[in-house]
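*Asks:* Show me the folded form of this:
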Amino acid sequence: MNKKQLEEHFVNLISENESMIYKICNIYANSNSEKEDLKQEIIYQLWKSLPSFRGEAKVQTWMYKVALNTALYFNKKKSHPLTDFSNAEMREEESPMETEEQLKKLYKAIRVLDNIDRAIILLYLEKKTYLQISEIIGITEKHVSVKLVRIKDKLKTLLLV
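*Replies:* Residues are numbered from 1 along each chain as shown. The predicted structure follows:
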């Protein structure tokens, strides 16, 4: 693949997975400027690591792994709580205001979780299988299952407060 083809391929990958990058930025960054900085850093890290992608995993799995690792590193550099929320699908019977409030509560509860648990619940909400989550996070499927039970219990408790 020549440089022009590689650049076109990369632009297509970013376009196809823009919502995944957006969601990760919303979970791991606070302000709009931090979200933009994180987005740029994720894109940069994806570009930088593209030549080393060997195709042993699905492209989206590799992208999640790079994006989440970048977000975790980015977040580690910050020492403040995260409080800005947005983006999710709305059920038809709910008004936008109800959904926005519920979404804010959910994101607020998710932000209380540690970084790995945030990544796991994000992937779960993205309807990734336990196998896909295990490949992205680097733990066994069984461990994913156990962690998800604990995460869901913790979120239920946090949402009832």
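
*Asks:* alpha carbons only for contacts and neighbour counts from here, please
*Replies:* Fine.

*Asks:* Provide the secondary structure category for the most centrally placed residue in the chain.
*Replies:* By C-alpha atoms, centre = their mean, the chain has its centre lying nearest to I24, at 3.2 Å. For I24, the assignment made with DSSP: H, G, I helix; E, B strand; the rest coil gives helix.

*Asks:* which residues touch it?
*Replies:* Taking C-alpha atoms under 8 Å, 6 or more residues apart in numbering, we find I24 in contact with 67-68, 71, 122.

*Asks:* Now do the worst-scoring helix or strand of the chain on mean pLDDT: distance to the chain's middle.
*Replies:* Least confident helix or strand, the chain: helix 96-112 with a mean of 76, by mean pLDDT, DSSP states H and E. How far helix 96-112 lies from its chain's middle: 16 Å, per C-alpha atoms, centre = their mean, to the nearest Å.

*Asks:* And the host helix or strand of V146, what does it pack against?
*Replies:* Here V146, judged by DSSP states H and E, is contained in helix 141-160. With contacts defined as 3 or more C-alpha pairs under 8 Å, 6 or more residues apart in numbering; DSSP states H and E, helix 141-160 has these neighbours: helix 96-112, helix 115-125, helix 130-137.

*Asks:* what's the spacing between it and its chain's center?
*Replies:* The answer for helix 141-160 is 17 Å, by C-alpha atoms, centre = their mean.

*Asks:* And it, what's buried?
*Replies:* Neighbour counts over helix 141-160 (16 or more other C-alpha atoms under 10 Å) mark 141, 144, 147-148, 151, 155 as buried.

*Asks:* Then stretch 56-73?
*Replies:* 61-72.

*Asks:* which one of these is nearest E34?
*Replies:* A71 (10.8 Å; C-alpha to C-alpha).

*Asks:* which residues touch the closest one?
*Replies:* 24-25, 28, 38, 42.

*Asks:* That one in helix, strand or coil?
*Replies:* What three-state DSSP gives for A71 is helix.
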